[in-house]
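S.K.: can't give you the sequence, but here's the structure:
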């Protein structure tokens with residue numbers, strides 16, 4: 001009988017052999033720096049693969065060498081992460097920014113251009129516009145509302161059609177929840193690719209996590225995550241991940257080896273634990289977010305709510321079309337404009353009781369923050385105004401508390417404005 005187990009079922013055991021660990025039902029923490037080779041020939045073979053000197057033969061597995069290169073906790077974690085996106089391989093990192101920066105550095109060279117969508121996570125924006133600039137790599141942005149023709153006009157005006165190396169998008173966008181058509185971006189990447197030069201489409205999928213959106217199904221080459229968020233899910237670990245084709249992940253892992261930015265065995269073990277409850281956590285967070293978004297939409301002190309689950313075909317036809325095509329859920333991130341400005345937004349935030357005033361997202365607890373002055377403070381004011389990150393915008397990461405309690409806290413904080 002051929003039965004295909006769901007990812008949430010495989011999170012308990014996939015990739016782990018208890019007989020190799022004294023029969024332990026859960027994978028132990030392999031807190032070791034180095035591993036013993038059986039023979040010198042074996043050591044040589046392991047290093048050839050790790051350093052990219054040869055490709056693995058069919059059925060061959062990479063051998064354990066040194067925990068900067070590989071470790072059982074990391075390898076099992078990567079095997080399980082790949083299942084959610086139906087990816088060939090995955091690579092894990094010590095932070096989301098480690099994953100992002102490693103991908104950008106591996107696929108871009110001096111003279112190249114990275115085309116990115118706005119709004120985008122503040123750390124990504126800073127790295128592309130300030131750090132990559134030091135290496136002769138140019139960052140060009142396009143607003144999330146741009147059509148394909150408008151994006152191509154931007155590339156032409158910047159004389160970048162022949163130097164485009166990567167398209168980097170975040171959808172839904174942080175913090176406005178605006179959506180980008182991934183298939184349109186994949187078509188752009190294909191148009192500007194040549195036999196000698198592939199334009200890579202990278203998608204930051206942190207907002208939807210591995211449950212509610214699968215960018216590889218829509219033409220993405222690489223999918224990036226801050227695993228700190230939904231994958232970790234408990235606000236007690238910092239980590240990042242990339243999933244994609246085996247050849248791409250091998251390239252990324254080689255650079256990771258020399259940057260030394262892999263996650264630790266203990267972090268890997270914590271993430272293995274978190275993956276077991278990923279679906280039940282995210283399902284509850286989404287249910288809660290829908291209730292909170294609907295409440296906010298009807299509140300007289302709220303000007304506008306940004307949440308994919310509230311999109312409709314009449315008022316948001318293009319965004320609704322994208323949402324129905326590529327999203328498997330509406331997510332648990334809700335942003336909204338209060339009536340007023342920074343003063344009113346701060347008053348709301350300062351009066352929350354249950355919801356904590358903190359950055360980050362995707363944890364079991366509900367969090368609230370002010371993007372314009374916190375996570376996106378580094379973005380120029382003119383750009384913030386253009387892309388909707390205003391002083392009245394508040395971002396909520398909805399947790400797993402009872403939704404009645406979350407709504408009560410929102411209600412009492414709004415009442416004092």
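M.R.: On my side now, so go ahead. Here the structure is a predicted model, which is why all the values come from computation and not from measurement.
S.K.: Just the buried positions in the helix ranked longest in the chain, please.
M.R.: Longest helix in the chain, counting residues (DSSP state H): helix 278-297. Of the residues in helix 278-297, those buried under the neighbour-count criterion (16 or more other Cβ atoms under 10 Å) are 278-279, 281-286, 288-293, 295-296. C-betas here are computed from N, CA, C, even on glycine.
S.K.: With respect to residue 361, which of those residues is nearest?
M.R.: Nearest to residue 361 out of those is residue 285 (Cβ to Cβ; 9.9 Å).
S.K.: Just confirm that closest one contacts residue 332, I think it does.
M.R.: Yes - under the contact definition of Cβ atoms under 8 Å, residue 285 touches residue 332, with a separation of 3.7 Å.
S.K.: Find the residues that touch each one of these two.
M.R.: In terms of Cβ atoms under 8 Å, 6 or more residues apart in numbering, residue 285 and residue 332 are both contacted by the residues 362, 398.
S.K.: From the chain's centroid, how far away is stretch 322-330?
M.R.: Offset of stretch 322-330 from its chain centre (Cα atoms, centre = their mean, to the nearest Å): 16 Å.
S.K.: got the end-to-end distance for it?
M.R.: 12 Å (Cα to Cα, to the nearest Å).
S.K.: need the next SSE after the longest helix of the chain, C-terminal direction.
M.R.: Moving toward the C-terminus from helix 278-297, the next helix or strand (DSSP states H and E) is strand 302-306.
S.K.: in the helix or strand following that next one, what counts as buried?
M.R.: Past strand 302-306, heading to the C-terminal end, the next element that is a helix or strand (DSSP H and E) is helix 317-326. When burial is assessed from 16+ other Cβ under 10 Å, helix 317-326 yields the following buried residues: 319-320, 322-323, 326.
S.K.: pLDDT of helix 317-326, averaged?
M.R.: Averaged across helix 317-326, pLDDT comes to 96.
S.K.: what's the distance between the following helix or strand past it and the middle of its chain?
M.R.: Sequence order places strand 333-338 as the next helix or strand after helix 317-326, per DSSP H and E. Relative to the chain's own centre, strand 333-338 is displaced by 20 Å; criterion: Cα atoms, centre = their mean.
S.K.: Which strands or helices does strand 333-338 pack on?
M.R.: Identification of packing neighbours for strand 333-338 by 3 or more Cβ pairs under 8 Å, 6 or more residues apart in numbering; DSSP states H and E yields helix 278-297, strand 302-306, helix 342-350, strand 393-397.
S.K.: close enough to count as contact, residue 95 and residue 232?
M.R.: No - when contacts are counted by Cβ under 8 Å, residue 95 is not listed as touching residue 232 (10.9 Å).
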